[in-house]
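Trainee: following is a predicted model, sequence given first.
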Amino acid sequence: MTLLLDRVTFSHRRWVRPVLNRLTYEVPGQGLTILLGPNGAGKSTTMALLAGTVLPKAGRVVFSGSDLTSASRAYRRHVAWLPQRVPTSRQLTAREYVAYVAWLKGESRSRAWERAEAALDRVGLAEETGRKTARLSGGQLRRVGIACALAHDARVILLDEPTAGLDPHQRTVFRDVLREIAAQTPVLMSTHDIVDLADEADTVALMDGGRVLHHGDTRSFLTHAAPEAVPARRAESAYTALIHPNASR
Ligand SMILES: Nc1ncnc2c1ncn2[C@@H]1O[C@H](COP(=O)(O)OP(=O)(O)OP(=O)(O)O)[C@@H](O)[C@H]1O
């Protein structure tokens, strides 16, 4: 699997300065990559382009050798994509919604139901499968979104801030699930939870102002931490050093 942005330029509105300007970035073909960066850095935009839900104004998004503009339909079956706002249909139950997404991604009807059940169980929502999504809390809804990403055989998984709104126990559950899935399928996830997740990641990418400032394994990321940073603060320290190189630490 190769998935990359090739000199991509993108702006949300015409005549507005592009959020991304000739950005080239390749998603690692295995393991967990976390995408870090301050608010407005361009993480969600990058992920939406990689998911094929928006198209570049210039440049190409390439999946396994094919340009996404011509192969988007086929590609959507191969990508699991969790946007920041989980786009549920309020009248459907959690199980119906996850099964529907799995069916859209190419699972047979019966298999979609089975996979929905299993995925909801995996994210700790076994008791809530029959509840209407309109009646779920924000954190539960986020877990429904994660279940959607798990309910079909994707070749790449893109998760935009999946841990936002999860309680501490659910974060731990999610980390375990993430470790399992990233062992089989490459995962790119944006997050602000660096303390929780830097140690779990195989690769750390850091964006600011629409540019990738750092891309490398976790160890190379942590070398940017201040020498005096205690272990629990090393990831934050490395982040600050890369984003604000001139700030005193
Ligand atoms: N729908 C939109 N219309 C106009 N501008 C947008 C839209 N979505 C994002 N932007 C702008 O694009 C830039 C990048 O936003 P993006 O959401 O990609 O950043 P982000 O790194 O994901 O931020 P956050 O951590 O806050 O989620 C920001 O300046 C933002 O204001």
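Mentor: That came through fine.
Trainee: only C-alpha atoms for contact and neighbour calcs from this point on.
Mentor: OK.
Trainee: and Asp6, what element?
Mentor: According to DSSP states H and E, Asp6 maps onto strand 3-10.
Trainee: now for that strand, which elements pack on it?
Mentor: Packing partners of strand 3-10 (3 or more CA pairs under 8 Å, 6 or more residues apart in numbering; DSSP states H and E): strand 20-27, helix 43-51, strand 58-63.
Trainee: is the longest one in proximity to the ligand?
Mentor: The reference is to helix 43-51. Yes - Helix 43-51 lies within reach of the ligand by CA under 6 Å from any ligand atom, at Lys43, Ser44, Thr45.
Trainee: buried deepest among the helices and strands packed on strand 3-10, which one?
Mentor: helix 43-51 (a mean of 23; mean count of other CA atoms under 10 Å).
Trainee: so what does that one touch, helix or strand wise?
Mentor: If contacts are counted by 3+ CA pairs under 8 Å, 6+ apart, helix 43-51 sits against strand 3-10, strand 79-82, strand 156-160.
Trainee: for these, which one sits closest to the ligand?
Mentor: When those are compared by CA to the nearest ligand atom, strand 156-160 sits nearest the ligand, at 7.9 Å.
Trainee: and the residue nearest the centre of the chain, how far from Gly165?
Mentor: In the chain, the centroid-proximal residue (CA atoms, centre = their mean) is Leu159; its distance is 1.9 Å. If you measure Leu159 against Gly165 using CA to CA, to the nearest Å, the figure is 14 Å.
Trainee: so where's this structure uncertain?
Mentor: 70-71, 248-249 (pLDDT under 70).
Trainee: strand 156-160 and the lengthiest helix in it, what's the angle between them?
Mentor: Determined from DSSP state H, the single longest helix within the chain is helix 168-184. Going by axes from the mean of the first three to the mean of the last three CA atoms, to 10 degrees, helix 168-184 is angled at 150 degrees with respect to strand 156-160.
Trainee: circling back to that earlier point, tabulate the residues of helix 43-51 next to the ligand (JSON lines), appending distance to Ser11.
Mentor: Below are those laid out as JSON lines (distance: CA to CA, whole Å):
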{"residue": "Lys43", "distance to Ser11": "13"}
{"residue": "Ser44", "distance to Ser11": "13"}
{"residue": "Thr45", "distance to Ser11": "9"}
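Trainee: looking at the residues you listed, which one is closest to Asp202?
Mentor: Closest to Asp202 out of the residues of helix 43-51 next to the ligand is Lys43 (18.1 Å), distances taken as CA to CA.
Trainee: I'd say that closest one and Ile34 touch.
Mentor: No - taking CA atoms under 8 Å as the definition, Lys43 is not a contact partner of Ile34, at 10.4 Å.
Trainee: intersection of neighbour lists for the two?
Mentor: Residues touching both Lys43 and Ile34 (CA atoms under 8 Å, 6 or more residues apart in numbering) are Ser190.
Trainee: point out the most buried one among the helices and strands packed on helix 43-51.
Mentor: Highest mean neighbour count among the helices and strands packed on helix 43-51 (mean count of other CA under 10 Å): strand 79-82, with a mean of 25.
Trainee: buried stuff in the very next helix or strand once past that strand?
Mentor: Where DSSP H and E defines the elements, the next helix or strand beyond strand 79-82 is helix 94-104. By neighbour count on 16 or more other CA atoms under 10 Å, the buried set for helix 94-104 is Ala94, Arg95, Glu96, Tyr97, Val98, Ala99, Tyr100, Val101, Ala102, Trp103.
Trainee: kindly reformat the helices and strands packed on helix 43-51 as CSV containing distance to Ser64.
Mentor: Formatted as CSV, those follow (distance: least, CA to CA, whole Å):
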stretch, distance to Ser64
strand 3-10, 6
strand 79-82, 12
strand 156-160, 11
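Trainee: turn the ones you listed into JSON lines, including distance to the ligand.
Mentor: Below are the helices and strands packed on helix 43-51 laid out as JSON lines (distance: least, CA to the nearest ligand atom, whole Å):
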{"stretch": "strand 3-10", "distance to the ligand": "9"}
{"stretch": "strand 79-82", "distance to the ligand": "13"}
{"stretch": "strand 156-160", "distance to the ligand": "8"}
